[in-house]
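>>> the following comprises the amino acid sequence and a computationally predicted model.
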There are 2 protein chains.
Amino acid sequence: MSPVRNVLFIMCDQLRRDFVSCYGGFVHTPNLDRLAGRGVRFDNAFVQSGVCGPSRMSYYTGRYVSSHGATWNNVPLSVAEHTLGDYLSAAGRSATLAGKTHVLPDTAALARLGIEIESERGALLREGGFVSIDRYDGHLPPGPESGYGDFLRAHGYPGADPWSEYVIAAEDGGRVVSGWQMRNAHLPARVQEAHSETAYLTDRALDWIGAQGESPWVLHLSYVKPHWPYLAPAPYHALYRGRDVGPIRHGPQDGTADEHPVVRAYRAHDEALCFAREEVARHVRPAYMGLIAQVDHHVGRVLDALAAQGRMEDTLIVFTSDHGEFAGDRGLGEKELFYDEIVRVPFIVCDPDPGADATRGTTETRLVEGIDVVPTILDALGIPGAPHRIEGRSLVPLVRGEALGAWRDAVFAELDYGFRRARRVLDRGAQDCRAFMVRTADRKYVHWQGFRPQLFDLAADPDEFDDRGADARFEADRARLAERLFDWLATRKRRTTASDADVERHTDTHRRHGIHIGIW
Amino acid sequence: MSPVRNVLFIMCDQLRRDFVSCYGGFVHTPNLDRLAGRGVRFDNAFVQSGVCGPSRMSYYTGRYVSSHGATWNNVPLSVAEHTLGDYLSAAGRSATLAGKTHVLPDTAALARLGIEIESERGALLREGGFVSIDRYDGHLPPGPESGYGDFLRAHGYPGADPWSEYVIAAEDGGRVVSGWQMRNAHLPARVQEAHSETAYLTDRALDWIGAQGESPWVLHLSYVKPHWPYLAPAPYHALYRGRDVGPIRHGPQDGTADEHPVVRAYRAHDEALCFAREEVARHVRPAYMGLIAQVDHHVGRVLDALAAQGRMEDTLIVFTSDHGEFAGDRGLGEKELFYDEIVRVPFIVCDPDPGADATRGTTETRLVEGIDVVPTILDALGIPGAPHRIEGRSLVPLVRGEALGAWRDAVFAELDYGFRRARRVLDRGAQDCRAFMVRTADRKYVHWQGFRPQLFDLAADPDEFDDRGADARFEADRARLAERLFDWLATRKRRTTASDADVERHTDTHRRHGIHIGIW
């Protein structure tokens, strides 16, 4: 009998894997490293899309992006999709949220189905199946679904929009300046660290966990940081100022005419135009790194609190991010596309089950994906999933060193850049901006609708600088990987309204229902 | 201003194209021929699956099977799918039904969403968006959603199940025998023709059309015939008895070891075991043909009634079938797989618009699909569709000889044989029984999950007897068509919760929402 009764699923927003110290990064993250020391550090973990919305919907549904259909940030999650909360509630449990989900409610469907969005059911559907302690998506002033605005006002940050005035604002020579402007990234935020977003969400989570006592729980603690605006509260704003912020990596192709057309189109985005200047990257990185250090500090508070309450003994902890951040590498800023800076994420699983003792502190190199989180949580809690819908695999056998069949040899990610300026640059229609990545241990292949593919030989070129997408010597590689993508596309889980068990039960059974075909 | 105010969408069940006289068939169908003479006869019309449920859900949603997800008969249509009725009701109209839809309600989703299945909304969702005059799916005793049971009892066919006792029963030497047994196909049904299923549904439709007066309407008249049980009422049972029923066509590969493994597995199905005996096919075909002649007669009644009421002047008529029937060809019975006997269907569009005068009586050879029906109806009525969901194209420009861009050069169909005995024969899992067909003017390629593909060179081999799926000389053809399928798989309409207009409206607009990325 596994001791796992609770689950803490911690997500960061835009936390790049190779900035974290246990992943060899420049930011000292002692608490994440401590978590990795107690659990398994996954070295080849990939998200299903390099942008918040679709990546998170994959984390929450256990399904690839073209299966759940929320292809970009502005796309609502269909009411027909089942999330972690659905699977838990079918077992009498629930999924609780503190922080960001980026779930957009499918309001048109709610109206068509006559479901009041303010009803209990409507609230669940609106929130992607999560029961919210505090829903706060960040990067906009907190709305009524979060208590953060009132919290700020109660702690001495007055006004209608204390977030814009204090949290993402700084003072420069007595003048209030905005964190939206990256020139201000070196300044401390006007908010005290204890009242920052990361501290606030941690406090809400700890209050709630403490209030649960011995009742079992599942909490998604979803930080909105180190996502922009790039402005850290003191002392984190100055932690990496003047220190090594890592090399800014440029590929030989950056911005050249033979660079992939979609990558080149992304250079027309504001963040790329700005981050392409190396001094910008060097100016912004310390703030980004400070925000990471701050998250690490608060993860440490959570771990300490769990330990103090005896909860480390019965709580499965999953730590990850929804995608990475270019931070000036390749002359790009922000996210999207399919480079490892973006789609390869930190991913740590700490399982209190004694069966996992042998793997504590180890590194797992097998390929895992964001869609594995839902089946992992369900498996750890002994709750059945839905094999006809969930496309991920439980990581519990990996963590507990149990026998398992052939593991996956490839991971997949998708992008729909229809909402981005790149679409206009390339003059494409709203349906014509899709891309699909397949990545194996030694190759990455990206199919771009209407353009040549990208191919990287990761064995020879781990930095993904030499795009072999048009190189005649790699034709066989491309054909093989395109076939792999074909097989993946052809096996997505579209039959969501009848289970595999339904199929088994009703195979060749028409006679039982009084239908007699083919008898003489 | 188009005169089209009403739409009559007539569907037959299991009506094979090349049995209809205007398609060169052996059954004299003067009324269908008359309809073709007033409209356009489509010679290359294809369904999206060779079996009722998925084919019909494609007809009703305008979407391919793996887009709507109802991959076989036993799979409910997701509540998230929009049907013809949804698009019409958004414009203040409605879609009315007399007959079969094969829609299975998504009861699990209705329960999860708290929608009472007996409510008005629940009824619409349960019926795939149709308002029913009489929902009757055939091949089982009519349930409470049809008045046919009571109609039979009121007309002198007593008992709890007059359908089994009279409609699909015959008398043989004073003994009551069942139409399920194909040995009885030569006998007349015990029901009078005027009380048969085809007559009943026609009467319901005509009563309803008459009652509409000058109010506009959209009616789906959906016959359950000539689908099995193969038993026709007099005089249709004897119409083709002893006459030429066409050649029973055998291919050189039928049942051989090098036949495609899935096709060979279908030979283990009861209907194939029975129809493989040529005497069975010769015995059953006259009943099947009589049932077709009977449908034709009743279509004639409908056309006459429309003409008498002046409705031919303002009614768009679409006539088609959900799939064909092997009727013993290839040693197979029933349907499924991807041969033209099954996926190529009769398809006639009669448009009263004067713009269509030039095409009356003509044959259109361009490729059309079942998914084109919804956009055609909406276009004819001037009602907007939903380009981000609907995958078919309006045929109105073709019928009216209007300029249009490049037309499609391929059609697509799918099969999920998970519920069939073939799955057990081949020892495959519930998720592992998928197939995808791409058919161009001169090639047909079928991708079978886990097996070699099928390829037919239709120019040299219109009968599809020579499977080139493993023929080295056709390797380039296979590669080209596999790539075509890849592109099709990669461009399905998965983003159903945000429209293309939403994408246009929100492209590169984050600044408008107060989000300032990448500014210095």
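Right, received. Where do you want to start?
>>> how about the residues of the stretch 1-150 of chain A near chain B?
Residues of the stretch 1-150 of chain A found near chain B (CB under 8 Å from any CB of the partner chain) are A:65-67, A:69-71, A:74-80, A:86, A:106, A:108-109, A:112-115, A:121, A:125, A:139-141. The C-beta positions use only the backbone N, C-alpha and C, and glycine is treated the same way.
>>> among these, the buried ones, what's the PyMOL command?
The PyMOL selection below is limited to those of the residues of the stretch 1-150 of chain A next to chain B classed as buried (16 or more other CB atoms under 10 Å in any protein chain shown):
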select buried, chain A and resi 65+66+67+69+70+71+74+75+76+77+78+79+80+86+106+109+112+113+115+125+139+141
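>>> okay, and which of the residues of the stretch 1-150 of chain A next to chain B map to helices?
Those of the residues of the stretch 1-150 of chain A next to chain B mapping onto helices are A:65-67, A:86, A:108-109, A:112, A:121, A:125, per DSSP state H.
>>> any residues of the stretch 301-450 of chain A in contact with chain B? List them.
A:333-334, A:387-388, A:416, A:418-421, A:423-424, A:429-431, A:434, A:436, A:447, A:449.
>>> buried subset of the residues you listed, written for PyMOL?
Of those, the buried ones go into a single PyMOL selection, burial set by 16+ other CB under 10 Å:
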select buried, chain A and resi 333+334+388+416+418+419+420+421+423+430+431+434+436+447+449
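>>> confidence-wise, which helix or strand of chain A is lowest on average?
Across the helices and strands of chain A, mean confidence by mean pLDDT, DSSP states H and E is lowest for helix A:120-126: a mean of 89.
>>> could you identify the helix or strand that succeeds it?
Sequence-wise, the next helix or strand downstream of helix A:120-126 (DSSP states H and E) is strand A:130-135.
>>> pLDDT of that following strand, averaged?
Taken as a whole, strand A:130-135 has a mean pLDDT of 96.
>>> elements contacting that strand?
Here strand A:130-135 touches helix A:84-90, strand A:95-99, helix A:197-212, going by 3 or more CB pairs under 8 Å, 6 or more residues apart in numbering or on different chains; DSSP states H and E.
>>> rerun at 10 Å
Strand A:130-135 sits against helix A:84-90, strand A:95-99, helix A:120-126, helix A:197-212, strand A:218-226, with contacts defined as 3 or more CB pairs under 10 Å, 6 or more residues apart in numbering or on different chains; DSSP states H and E.
>>> ranking those by mean pLDDT, which is last?
helix A:120-126 (a mean of 89).
>>> contacting residues around that helix?
Applying CB atoms under 10 Å, 6 or more residues apart in numbering or on different chains, the contact partners of helix A:120-126 are A:76-79, A:81, A:83, A:85-86, A:89, A:94-95, A:103-107, A:109-110, A:113, A:115-119, A:130-132, A:135, A:145, B:112-114.
>>> let's see that with 7 Å instead.
If you take CB atoms under 7 Å, 6 or more residues apart in numbering or on different chains as the criterion, helix A:120-126 is touched by A:79, A:85, A:105, A:110, A:115-117, B:114.
>>> likewise stretch A:372-383?
Here stretch A:372-383 makes contact (CB under 7 Å, 6+ apart) with A:2, A:4, A:7, A:9, A:59, A:61-62, A:84, A:87-88, A:91, A:218, A:316, A:318, A:351, A:385, A:390, A:392-396.
>>> same thing but at 8 Å, please
Contacts to stretch A:372-383, defined as CB atoms under 8 Å, 6 or more residues apart in numbering or on different chains, come from residues A:2, A:4-5, A:7, A:9, A:59-62, A:83-84, A:87-88, A:90-91, A:93, A:218, A:316, A:318, A:320, A:349, A:351, A:353, A:384-385, A:390, A:392-396.
>>> identify the residues contacting A:M57.
A:63, A:65, A:68, A:70, A:77, A:81, A:102-103, A:128.
>>> go again using 10 Å as the cut-off
A:M57 makes contact with A:48-49, A:63-65, A:67-71, A:75-78, A:81, A:83, A:101-104, A:128, A:370, according to CB under 10 Å, 6+ apart.
>>> same question for A:R480.
Contacts of A:R480 were listed using CB under 10 Å, 6+ apart, and they are A:438, A:440, A:443, A:445.
>>> check which helices and strands the helix or strand encompassing the first one sits against.
In other words, A:V438. Counting by DSSP H and E, the element that carries A:V438 is strand A:434-439. Applying 3+ CB pairs under 10 Å, 6+ apart, we find strand A:434-439 packed against helix A:65-68, helix A:340-343, strand A:411-416, strand A:443-448, strand A:454-457, helix A:475-489.
>>> quick one: strands adjacent to that strand?
Within its sheet, strand A:434-439 is paired with strand A:411-416 (antiparallel), strand A:443-448 (antiparallel), according to DSSP bridges.
>>> most packed of the ones you listed?
Between the strands paired with strand A:434-439, strand A:411-416 has the highest mean count of neighbours, a mean of 26, where neighbours are mean count of other CB atoms under 10 Å in any protein chain shown.
>>> now the spatially closest residue to A:W407 that is not a sequence neighbour: phi and psi?
Leaving aside its sequence neighbours, A:W407 sits nearest to A:R366 (CB to CB, 6 or more residues apart in numbering or on different chains; 5.2 Å). Main-chain dihedrals, A:R366, degrees, to the nearest 10: phi -60, psi 150.
>>> could you measure A:R366 against A:R93, distance?
Distance, A:R366 to A:R93, using CB to CB, to the nearest Å: 28 Å.
>>> settle it for me: which of the two has more neighbours?
The neighbour comparison of A:R366 against A:R93 (other CB atoms under 10 Å in any protein chain shown) goes to A:R93, with 18 against 15.
>>> that one: what's it in contact with?
Each residue near A:R93 by CB under 10 Å, 6+ apart is listed here: A:7, A:84-85, A:87, A:216-218, A:378, A:381, A:383.
>>> and those residues, which are buried?
In the contacts of A:R93, burial by neighbour count holds for A:7, A:84-85, A:87, A:217-218, A:378, A:381, counting by 16+ other CB under 10 Å.
>>> for A:W163, state which of these is nearest.
Relative to A:W163, the closest of the buried ones among the contacts of A:R93 is A:G85; by CB to CB it sits at 27.3 Å.
>>> my guess is that closest one contacts A:L77. True?
No: judged on CB atoms under 10 Å, A:G85 makes no contact with A:L77 at a distance of 11.5 Å.
>>> need the overlap of contacts for the two.
A:60, A:125, A:127-129.
>>> max-length helix in chain A?
helix A:278-308.
>>> ok now whatever helix or strand comes next after it, how far from the chain's centre?
Counting by DSSP H and E, the next helix or strand C-terminal to helix A:278-308 is strand A:315-321. In terms of CA atoms, centre = their mean, to the nearest Å, the centre of strand A:315-321 is found 12 Å from the chain centre.
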